[in-house]
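*Asks:* Got a predicted structure here, sequence first:
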Amino acid sequence: MDRLKVKIGDLELKNPVMTASGTFGYGTEYSDFMDLSRLGGIFVKGTTLEPRQGNDYPRMAETPSGMLNSVGLQNKGVHYFVSDIYPKIKEYDTHIIVNVSGSTIEDYIGCTEALVGLDKIPAIELNISCPNVKEGGMAFGTSCVSAAQVVKAVRKVYDKTLIVKLSPNVTDIAEIALAVEAEGADCVSLVNTFLGMAIDAEKRKPKLSTITGGLSGPCIKPIALRMVWQVYNAVKIPIIGMGGISNWKDAIEFILAGSHAIQVGTYNFINPSVSVEIVDGILNYLDRHNIDSISDLIGKLDY
Amino acid sequence: MDRLKVKIGDLELKNPVMTASGTFGYGTEYSDFMDLSRLGGIFVKGTTLEPRQGNDYPRMAETPSGMLNSVGLQNKGVHYFVSDIYPKIKEYDTHIIVNVSGSTIEDYIGCTEALVGLDKIPAIELNISCPNVKEGGMAFGTSCVSAAQVVKAVRKVYDKTLIVKLSPNVTDIAEIALAVEAEGADCVSLVNTFLGMAIDAEKRKPKLSTITGGLSGPCIKPIALRMVWQVYNAVKIPIIGMGGISNWKDAIEFILAGSHAIQVGTYNFINPSVSVEIVDGILNYLDRHNIDSISDLIGKLDY
Amino acid sequence: MKQQLDFIITSNKKLNKQTFLIKVTPKNAEPLPEMLPGQFVQVLVHDSSSIFLRRPLSINYYDKENNEIWLLIQNVGGGTNKITELKVGENLNLLFPLGNTFSMPDKNQTTLLIGGGVGTAPLLFLGKNLSDKGYTPEFLLGGRSALDISQLNDFEKLGLVYITTEDGSMGQKGLVTHHPALKEKQYDKIYTCGPKPMMIAIARYAADNNIDCEASLENHMPCGFGACLCCIENIKERGNICVCTEGPIFNTKELQWID
Amino acid sequence: MKQQLDFIITSNKKLNKQTFLIKVTPKNAEPLPEMLPGQFVQVLVHDSSSIFLRRPLSINYYDKENNEIWLLIQNVGGGTNKITELKVGENLNLLFPLGNTFSMPDKNQTTLLIGGGVGTAPLLFLGKNLSDKGYTPEFLLGGRSALDISQLNDFEKLGLVYITTEDGSMGQKGLVTHHPALKEKQYDKIYTCGPKPMMIAIARYAADNNIDCEASLENHMPCGFGACLCCIENIKERGNICVCTEGPIFNTKELQWID
Ligand SMILES: Cc1cc2nc3c(=O)[nH]c(=O)nc-3n(C[C@H](O)[C@H](O)[C@H](O)COP(=O)(O)OP(=O)(O)OC[C@H]3O[C@@H](n4cnc5c(N)ncnc54)[C@H](O)[C@@H]3O)c2cc1C
Ligand SMILES: Cc1cc2nc3c(=O)[nH]c(=O)nc-3n(C[C@H](O)[C@H](O)[C@H](O)COP(=O)(O)OP(=O)(O)OC[C@H]3O[C@@H](n4cnc5c(N)ncnc54)[C@H](O)[C@@H]3O)c2cc1C
Ligand SMILES: Cc1cc2nc3c(=O)[nH]c(=O)nc-3n(C[C@H](O)[C@H](O)[C@H](O)COP(=O)(O)O)c2cc1C
Ligand SMILES: Cc1cc2nc3c(=O)[nH]c(=O)nc-3n(C[C@H](O)[C@H](O)[C@H](O)COP(=O)(O)O)c2cc1C
Ligand code: FES
Ligand code: FES
């Protein structure tokens, strides 16, 4: 299985297939359906310094080949995570990465500080791109200046692998990637959800309690793939690509576009074992194409 | 049918259903399938000052609930339009609006000047958002300054209804809409296509000759709808909404989000008579909901 | 333990214009695991442009002998339409069994199971379970007309059945909440599933009469197993919790329905 | 005049592992309009998550008596898979007739129709037309093996048929371009449809031997009626033109294939 190994900062992944934050709970939700140890890593739920109730129901609307959500970072706070959840999941035979979210720079710092000491959390993913919270969230990820600020502040208190998750709701995502790279991010992950909206024509009301929400699923794949390719052509740090991945072919496409690793998000809901099927599919692809190692594919788009 | 009348600048539409530039040829392509006079208007092909060959084959890739194209504004130039095409289509019993595209401000001005004298072209749609040309095109539409510049220049030479078509590939579309409104645009139309990409995993090559292309179809609807709603909350001029509309329900959603009128694009390929079916569907909706006039629906989202 | 499994449709019967009874058995004849009344399955709608997410359906009945699950489905939209159009022999991919279950009554407690329309779906399985455990459940089934009363024979095998229809075409005319049984008899425990306004009216009746009452909720469920946090209900004291894992069955006391 | 019409499948026969012959007739028995050999239909693949666009298929045969269109389809991917899975009695929505047609030979000219694999599809209709008009078309059909040679009986009714297969399981062993008929006989006009490398080889043979040659192109076609400008071919002198309206039939002289 060494053929699938990839390295992201100090983080060695047994394979490039991971699961996306907010779509995979804490892993436990999926353990009946699959063998978690076959994953390269698990990005657990968006975690904030203080507990959050999230947004009101309804939080979901189905769309063509995708869905909108406005969960709004519901979670019990980082301290509950450390005391109650971490002990239950730290023995997983895969990497656990916490998605750190917040509304202010202080939130991000506080949350990160609570996590830095945890042995079995080798990396965090800084979520500066959540479209579903009133303050902060996506705003940080839509300007180079504010993105750089958060990363700079968190980098100071975090010496393990720092992944920064970018928002696709921007004119030039490569510019933002360059800004966070300059502040010492070890990796960028992209994309988070696209800000979208759904309306019930008969009731003349928005379908989400928050009016707008985040779009995910296969519908966004072409845009996400383009963004990965643009960022790949701009930065030197590794990229974790995601956005609509639902099978091994999609995963290969993201790797060819320049991703070191990928995350599967929404499609876990449709097929809870899709991520391990993707691991198998990638191996099979390497065999069929006589490729030694997955690293020989990263960014190897022929044009 | 007065219930469906809407006004955009000086332009009176018999109904709010029009067809999107680049997806409806010059109308003639559809005349076997439907009665063109039932449309509120037809936006003909992107037209440039000089003839353009467009991009190389392949120019298309199918995606989940949508497609990418990179036609690249293939057209015979505005002078050919004036001399050879206009005479054939000017007797249509619907409004013909020309989509004016270009690479430089001079191009836009030249193209507009060639059209301003045509009696039966009551409006132009300034395309500052085409992602498929190397220079200009989308670039104009992704910054407030350059968007304002083009509109200012064209406004000087065009005294009829000036519609400006916005790019969705921006951080804040409302800001761009405000900038073009300030320069005297009579209306904004949105959205053009999203910049996307598709890869053939087996061949390890991009599926488009141009690597990236414009994404359209139902997949983009949730994002387009959100953008219309944001622009509606920012500007005072009317909006023509589009992006993934494939039936009357979608059309009503765009109207509720703040569109005075809508355009149907990609879905014309799937069902060439969908636009007239949408006209019928809207009328039926007004009946069922006891609504006198379509104007009572514009922006009437209840939240 | 939850699992994802391919099933084969062994029977698909149209019970009325909108309601279908579909029976499925594991494709490779795997023995079905333990399942509990109130639990549900998540059905994959294969390769549809409009239906992206799975659709939750209650386990209507678990037929041990034939290794079958029954699904009682009302065709209300794109997803249920696709599912009910499937033919015998076709595949159905399910995640199951999902969710919690109804709580069992105390010994000797009397129970009434109140279902409206297709809301009777989980009550057949619950009734069978209660009856197997020595209880004598009674049923109160309601619908707009006689056509909405499904599986009457099956219910009658398990206990006394009262019926109301809005147009009076079967049983008492009116709504379930107006059925005389609710006035004349005193039950210890009520289980209900059906349209939300009906369940709220029953929750109110139960509260007024100090009867323990459990209801099955139908929030939208993208995943069905606690991963997406989209199916939440705001529960007294506990705040937003997932209906798919902590429910779909709730004691109506906990819900913010009646105060 | 082009139209959009609902058809009903009257027959769907699997000719070999990948090739299907589907016959359709208008749902409401509308009489079919005039159609010409080389023209094609755009097939709607209904409600699929992966197939968004219509799929172009040649008119394989126009059966006037039964008011039927025949489609010869090779299952090569998602769309053709969905279409070939359809059952008798199911609906098929078509845009048709689309595209141009083959040009007719001059009086007394000899013609050879060369098809590879499912590329024989438009040649049956063309052969019938030629034969109805008093020509005596000859056919050269190629495939990997005997299994790839479809509708042989139908072709034999229209004229002399030569066959080549790569594995020699039927007719001459080898490629169509190596068939002795091409050396021994001198045709005035060649029509061809099949895999691009085959058509290019034939175009070259025709050019070398000063034979008029027409080929049917299979560019990707989102619309099929000239609206999207995605199906272009770069044609000598004329530049990028739409294959769906100015083709799919081109004189190979015009194509940038061989110089
Ligand atoms: C735990 C649970 C058990 C259920 N058991 C049954 C059952 O046994 N039989 C049965 O017929 N129905 C049952 N339902 C309801 C069923 O899931 C919905 O009717 C179905 O999902 C609607 O999908 P659709 O595509 O046909 O309709 P849509 O077009 O999606 O919607 C039609 C209507 O149904 C509502 N709806 C859509 N999706 C859901 C959803 N996921 N949950 C609830 N409502 C939804 C919509 O708001 C709309 O009003 C159950 C729901 C839940 C949550
Ligand atoms: C005018 C015309 C007439 C045709 N006539 C026939 C016919 O009579 N019988 C027949 O079996 N096939 C015919 N084809 C080819 C047929 O349209 C494609 O095989 C089909 O569209 C593939 O779709 P899919 O979803 O099954 O495969 P996909 O998964 O989409 O693709 C499988 C392969 O087919 C290619 N392909 C996909 N879409 C098209 C397209 N629109 N046009 C051409 N190639 C495509 C892909 O590049 C890929 O290599 C014709 C094509 C054209 C343009
Ligand atoms: C229900 C839901 C909840 C999500 N929550 C988070 C989150 O807490 N933090 C985060 O960074 N991304 C979150 N995301 C975004 C995903 O991690 C991912 O970036 C996005 O969904 C795109 O990938 P996909 O198309 O594969 O789902 C969430 C997505 C969904 C659908
Ligand atoms: C094949 C194709 C060609 C297009 N050409 C143009 C064009 O020339 N000018 C323009 O402003 N928009 C062009 N567009 C964009 C459409 O007008 C429309 O803005 C976009 O497709 C979104 O709408 P839809 O999802 O309904 O297609 C084109 C779109 C497609 C699919
Ligand atoms: S449906 Fe996803 S958490 Fe309940
Ligand atoms: S397929 Fe659209 S123009 Fe030819």
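*Replies:* Cool, got the structure. Residues are numbered from 1 along each chain as shown, chains lettered A, B, ... in the order given. Ligands and ions are numbered 1, 2, ... in the order given.
*Asks:* Identify each of the helices in the chain and give its residue range.
*Replies:* You didn't pick a chain, so chain A it is. Using DSSP state H, the helices of chain A run over residues A:78-80, A:86-89, A:105-116, A:144-157, A:173-182, A:221-232, A:248-256, A:267-270, A:274-288.
*Asks:* Wait, chain C was what I had in mind.
*Replies:* Going by DSSP H, chain C shows helices at C:78-84, C:121-132, C:152-156, C:180-184, C:196-208, C:243-246.
*Asks:* mean pLDDT lowest for which of those helices?
*Replies:* Mean pLDDT is lowest for helix C:180-184 among the helices of chain C, at a mean of 90.
*Asks:* For that helix, buried residues please.
*Replies:* C:181-182 (16 or more other Cβ atoms under 10 Å in any protein chain shown). Any C-beta I mention is one placed from the backbone N, CA and C, and that applies to glycine too.
*Asks:* neighbours around A:Glu91, how many?
*Replies:* Neighbour count for A:Glu91, taken as other Cβ atoms under 10 Å in any protein chain shown: 8.
*Asks:* any idea how far A:Ile42 is from the spatially closest residue to it that is not a sequence neighbour?
*Replies:* Nearest non-adjacent residue to A:Glu91, counting by Cβ to Cβ, 6 or more residues apart in numbering or on different chains: A:Lys120, 8.0 Å away. Plainly put, A:Lys120 is 11 Å away from A:Ile42 if you go by Cβ to Cβ, to the nearest Å.
*Asks:* Look at the two and report which has more neighbours.
*Replies:* A:Ile42 (25 against 12).
*Asks:* Now do the contacts for that one.
*Replies:* By Cβ atoms under 8 Å, 6 or more residues apart in numbering or on different chains, the contact list for A:Ile42 reads A:18-19, A:24, A:26-27, A:36, A:92, A:94-97.
*Asks:* Identify those among the residues you listed that sit within strands.
*Replies:* A:18-19, A:95-97 (DSSP state E).
*Asks:* For those, pick the one with the most neighbours.
*Replies:* A:Thr19 (29 neighbours).
*Asks:* For the chain, list the residue farthest from the centre, please.
*Replies:* Went with chain A since none was named. What lies farthest from the middle of chain A is A:Glu202; by Cα atoms, centre = their mean that is 35.0 Å.
*Asks:* wait, I meant chain C there
*Replies:* Extreme point of chain C relative to centroid (Cα atoms, centre = their mean) is C:Ser49; 27.9 Å.
*Asks:* ok, now which ones touch the residue farthest from the centre of chain A?
*Replies:* A:Glu202 touches nothing, counting by Cβ under 8 Å, 6+ apart.
*Asks:* repeat that for 10 Å
*Replies:* By Cβ atoms under 10 Å, 6 or more residues apart in numbering or on different chains, A:Glu202 lies in contact with B:249, B:252, B:285, B:288-289.
*Asks:* Quick check: the residue in the stretch 101-250 of chain A that chain C sits nearest to vs ligand 5, distance?
*Replies:* The stretch 101-250 of chain A approaches chain C most closely through A:Gly217 (6.3 Å), counting by Cβ to the nearest Cβ. Separation of A:Gly217 from ligand 5 (Cβ to the nearest ligand atom, to the nearest Å): 14 Å.
*Asks:* do the same with C:Leu182
*Replies:* Counting by Cβ to the nearest ligand atom, the gap from C:Leu182 to ligand 5 is 32 Å.
*Asks:* which residues sit in contact with A:Ile109?
*Replies:* A:49, A:100, A:102, A:150, A:153-154, A:156-158.
*Asks:* Kindly reformat those residues as a markdown table containing pLDDT, neighbour count and distance to C:Ile202.
*Replies:* Converted to a markdown table, the contacts of A:Ile109 look like this (pLDDT from 0 to 100; neighbours: other Cβ atoms under 10 Å in any protein chain shown; distance: Cβ to Cβ, whole Å):
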| residue | pLDDT | neighbour count | distance to C:Ile202 |
| --- | --- | --- | --- |
| A:Leu49 | 96 | 22 | 42 |
| A:Val100 | 97 | 30 | 45 |
| A:Gly102 | 91 | 30 | 43 |
| A:Val150 | 95 | 25 | 51 |
| A:Ala153 | 96 | 16 | 54 |
| A:Val154 | 97 | 26 | 52 |
| A:Lys156 | 97 | 12 | 58 |
| A:Val157 | 98 | 13 | 54 |
| A:Tyr158 | 98 | 22 | 53 |
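*Asks:* Please identify which two of these are farthest apart in space.
*Replies:* A:Leu49 and A:Lys156 (16.5 Å; Cβ to Cβ).
*Asks:* Wait, C:Met1 touches C:Leu95, no?
*Replies:* No. With contacts counted by Cβ atoms under 10 Å, C:Met1 stays clear of C:Leu95, the gap being 11.6 Å.
*Asks:* who's more crowded, those two?
*Replies:* C:Leu95 (25 against 8).
*Asks:* which one is the one residue sitting closest to the centre of chain C nearest to, not counting chain neighbours?
*Replies:* Centroid-nearest residue in chain C, with Cα atoms, centre = their mean: C:Pro122, separated by 2.8 Å. Once flanking residues are discounted, C:Pro122 sits nearest to C:Ser58: 4.1 Å by Cβ to Cβ, 6+ apart.
*Asks:* do the same with C:Cys228
*Replies:* C:Pro222 (4.7 Å).
*Asks:* Can you get me a residue count around the one you found?
*Replies:* Neighbours around C:Pro222, by other Cβ under 10 Å: 25.
*Asks:* Could you tell me the model confidence score at it?
*Replies:* 98.
*Asks:* Wait, it touches A:Gly265, no?
*Replies:* No. Using Cβ under 10 Å, C:Pro222 makes no contact with A:Gly265, being 11.5 Å away.
*Asks:* shared neighbours of the two, which are they?
*Replies:* A:23, C:228.
*Asks:* which neighbours do A:Lys120 and A:Ile42 share?
*Replies:* Common neighbours of A:Lys120 and A:Ile42, using Cβ under 10 Å, 6+ apart, are A:89, A:92, A:95-96.
*Asks:* from those, which single one is nearest C:Asn108?
*Replies:* For the shared contacts of A:Lys120 and A:Ile42, the nearest to C:Asn108 is A:Ile89 (44.0 Å; Cβ to Cβ).
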